[in-house]
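Asks: Just the structure for this:
(one chain, ligands or ions: 1)
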Amino acid sequence: MFINGLRIKMVVAATLIAACFIPATASAQVSRSPVAPRRELVESVVREAYEKFKGDTGGKNADYIPYLAQVDSRLFGVAIVSADNQVFTLGDVNYSFSIQSISKVFTLALAMEELGPDQVFQKIGSEPTGRPFNSVPAVVDMPTHTGNPLVNAGAIATTSLISGKDANEKWNKILAFYSKAAGETLKLIDEVYGSEAATNTGNKALSMLLAKYERIYADPFESVDIYTKQCSIGVNAFQLARMGATLANNGINPATRKQVIKREHIPYVLATMTVAGLYDSSGYWAWHVGLPAKSGVGGGIVAIVPGKGAIAVFAPPLDEAGNSVKAQKVIEYVANKLDFNLYSPASVGLK
Ligand code: DON
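Replies: Numbers count the residues shown, from 1 in each chain. This next block holds a predicted model:
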């Protein structure tokens, strides 16, 4: 009975895999998930989205970090990297922008590599604040004070968990970890760091408030400085998509094949992105898109389609919550057209 059942399953699986391999082009020979949409379809849907939204003038560059105010608002790039390392890019994908809050995802992952998920959960937490990303009242009101690793207070506290004999060693560890996730050596954008370090009084205030509640785990101002550097790391849309694809691919970078993040930590990272990745718009995002994602005030958003890949979009103008307007629109369009919404039965092949 078991053997017969197994045989039927094997025949069905072989049929599905064969169907996926029907060679429309040479690239269709690459193996992929039986439920992943075909490359040609992904490309045409991304092109449609790019054309549809490229003229959108909604939103405005972040200006509380002076450097960001003068970045060209018309820059617009889209990159997709699949779990089996297929790449599709469109527009300004070589422009290096600051990763900003998207960094928080990877420092969370690094903290878990060092301390394990239970310690990180206990020291930081994972509750949405429903408040802006830099909220002071959230620190006072939230029972954990830190809230979650993706708001500024929780992120600064997460950075404070990274071990090292001095600030330099901690910073280098963070930079090396992000680089492994990207599969390339990433660099600090000095001008962004200088601009943010000269104006980050709000984050320093958050760090001192956390110290009052004993919810920061190293020197507060040292932690803010390392955090400011991690936010000033330069990525282009393609590198960001590959960092996302590492999350989509169980922690293995699809290009280098190296295990960067322990596979058992991935669900905690993705769950945190779901509850807080777009701050006080995370509810809207879960409802309309249904993918774990993270935004940064530099204009990037990366969304993860577990097991399949990641899409990264860069376009500097932001909405009130600090999320790129065009990036949200492109990802929402693509996710819906390709049935990526994780809460949709269609996402796992059910109709
Ligand atoms: O600390 C800050 O305010 C920035 N370095 C990062 C904020 C951010 O990217 C929020 N994202 N949408």
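Asks: which residues of the stretch 151-300 of the chain fall in helices?
Replies: Ranges of helices in the stretch 151-300 of the chain, per DSSP state H, counting those that start in this stretch, are 152-160, 167-182, 190-197, 201-212, 220-231, 237-248, 266-276, 282-288.
Asks: Out of those, which is closest to residue 304?
Replies: For residue 304, the closest of the helices of the stretch 151-300 of the chain is helix 237-248, at 5.0 Å, according to CB to CB. (Each C-beta comes from the backbone N, C-alpha and C, glycine too.)
Asks: So which elements touch the closest one?
Replies: strand 77-82, strand 87-91, helix 103-115, helix 167-182, helix 266-276, strand 300-305, strand 309-314 (3 or more CB pairs under 8 Å, 6 or more residues apart in numbering; DSSP states H and E).
Asks: which of the ones you listed sits most buried?
Replies: strand 309-314 (a mean of 31; mean count of other CB atoms under 10 Å).
Asks: Quick one: check it for contact with the ligand.
Replies: No - using CB under 6 Å from any ligand atom, strand 309-314 never reaches the ligand; the gap is at least 13.0 Å.
Asks: After that strand, which helix or strand is next? Please name it.
Replies: Counting by DSSP states H and E, the element after strand 309-314 in chain order, helix or strand, is helix 325-337.
Asks: Quick one: list the elements packing against that next one.
Replies: Counting by 3+ CB pairs under 8 Å, 6+ apart, helix 325-337 packs on helix 39-53, strand 293-295, strand 300-305, strand 309-314.
Asks: can I get the ones you listed in CSV with distance to residue 152?
Replies: Formatted as CSV, these follow (distance: least, CB to CB, whole Å):
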stretch, distance to residue 152
helix 39-53, 28
strand 293-295, 13
strand 300-305, 17
strand 309-314, 21
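Asks: For residue 96, find the nearest of these.
Replies: Closest among the helices and strands packed on helix 325-337, using CB to CB: strand 309-314, at 9.8 Å.
Asks: End to end on stretch 54-61, go ahead and measure it.
Replies: 16 Å (CA to CA, to the nearest Å).
Asks: residues in contact with it?
Replies: 68-71, 73, 76, 91, 299, 316-319, 324-326, 329 (CB atoms under 8 Å, 6 or more residues apart in numbering).
Asks: re earlier: which one of the helices of the stretch 151-300 of the chain lies nearest to residue 100?
Replies: With CB to CB as the criterion, residue 100 lies closest to helix 220-231 of those, at 4.9 Å.
Asks: For stretch 133-148, output the C-alpha coordinates as CSV.
Replies: Presented in CSV, the C-alpha positions along stretch 133-148 are these (Å, rounded to 0.1, in the frame of the first residue of the first chain):
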residue,chain,number,x,y,z
PHE,A,133,10.0,53.3,13.3
ASN,A,134,11.8,55.9,15.6
SER,A,135,9.0,56.3,18.2
VAL,A,136,10.0,57.3,21.7
PRO,A,137,6.5,56.6,23.2
ALA,A,138,6.7,53.0,21.9
VAL,A,139,9.8,52.5,24.0
VAL,A,140,8.0,53.8,27.1
ASP,A,141,4.8,52.0,26.4
MET,A,142,5.8,48.6,25.1
PRO,A,143,6.2,46.0,28.0
THR,A,144,9.5,44.9,26.4
HIS,A,145,10.6,48.5,25.7
THR,A,146,12.7,47.2,22.8
GLY,A,147,9.5,46.1,20.9
ASN,A,148,11.1,44.2,18.0
